[in-house]
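> Just a sequence and a predicted model for now, questions to come.
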Amino acid sequence: RSCQTVSDLFVLPMQVTQLLPNEVVTEQQSLIFVKKLLAIAVSGITYLRGIFPKRAYGTKYVEEMFRTVILVHLLYVFQIYTDPENPKLVTEFYQFKIQYTTKGTQLDFESNTIQKVSTESCGSIKKASILLVRKLYTLMQNLGPLPDNVCLNMKLAYYDDVTPPDYQPPGFKEAEGDTMDFEQEPVRLTMGEVATPFHCIKFDMATEKRRLEQVEEISSVKEKWVVKIEDQGFVQVCTQRRHQAVIKMQSEV
């Protein structure tokens, strides 16, 4: 299942270092870490891309929303579009994928495989996070500008088997449709990931190719693309059953 909202956001880019915790040795600390890293990334994107005015930001973010994201959500996606009457026609989109790890094992819900991951030290985790955020901010500053008037949709995909059938996170509604078209030829960029002993968060994005003014090593794409959220049905992964929603980039012949 997925749901969506349009909302204002959270954290200024210059607050990155002091917001990330110095220790990540328990599952609760890992939850806090991933929650803050997600807030920093989303806030940085919306701030540097000029989606919200500066007055919309502060050190306080929506606890309920991010608690729900970490506990029951797999994918957090937001789409930027220009026509309020046609939100499926996007000009830019961002995806955060949260994976759960336990004792060095990573559960990859997209490919349904189990892989070994190394447990990084607390210092390495924070360093990797800062490098990822810097990489993200550098990209945001080098992308060509968005149109003057844009709209923002946020979508969450979450576990059906641990979520009440009628549950919707505050400010969200049931999502309609499972595809998004790009206005012009897009390029998909994989930004990287950060892993703790309990969680792994991955980030990638897609934007129109013409906006990549100074960005190198871009991916080649074909003329027409569709971003599709595919419902793969119930799957079994380490005795936990869930609804799988996967974001895929696929060319249209």
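Looks like it arrived, so ask away.

> From now on I want contacts and neighbour counts done on CA atoms only, so please keep to that.
Noted.

> thought Thr179 was touching Leu89?
No: Thr179 is not in contact with Leu89 according to CA atoms under 8 Å; the separation is 9.1 Å.

> so where's this protein uncertain?
Along the chain, segments meeting pLDDT under 70 span 1-17, 57-74, 101-123, 159-164, 177-178, 213-253.

> can you pull out the strands in it?
With strands called from DSSP state E, the chain shows them at 2-5, 73-81, 89-102, 105-108, 113-116, 151-158, 173-174, 179-182, 186-195, 199-208, 225-237, 240-251.

> With just CA atoms, put stretch 140-157 into CSV.
What follows is stretch 140-157, C-alpha atoms only, in CSV (Å, rounded to 0.1, in the frame of the first residue of the first chain):
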residue,chain,number,x,y,z
MET,A,140,21.2,20.2,-5.6
GLN,A,141,23.3,23.3,-6.1
ASN,A,142,24.4,22.2,-9.5
LEU,A,143,21.1,21.1,-10.9
GLY,A,144,19.3,23.6,-13.2
PRO,A,145,16.4,25.4,-11.6
LEU,A,146,12.9,24.0,-11.3
PRO,A,147,10.0,25.9,-12.8
ASP,A,148,8.7,28.9,-10.8
ASN,A,149,5.5,27.2,-9.8
VAL,A,150,5.7,23.5,-8.7
CYS,A,151,3.7,21.1,-6.6
LEU,A,152,5.0,18.4,-4.3
ASN,A,153,3.5,15.0,-3.6
MET,A,154,4.9,12.7,-0.9
LYS,A,155,4.2,9.0,-1.0
LEU,A,156,4.9,6.2,1.5
ALA,A,157,4.8,2.5,0.9
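
> Buried by neighbour count: which residues of that stretch qualify?
For stretch 140-157, burial by neighbour count (16 or more other CA atoms under 10 Å) applies to 140, 143-144, 146, 152-157.

> could those go into a markdown table alongside distance to Leu37?
Shown next, in a markdown table, are those (distance: CA to CA, whole Å):
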| residue | distance to Leu37 |
| --- | --- |
| Met140 | 16 |
| Leu143 | 22 |
| Gly144 | 25 |
| Leu146 | 24 |
| Leu152 | 20 |
| Asn153 | 20 |
| Met154 | 17 |
| Lys155 | 18 |
| Leu156 | 17 |
| Ala157 | 19 |
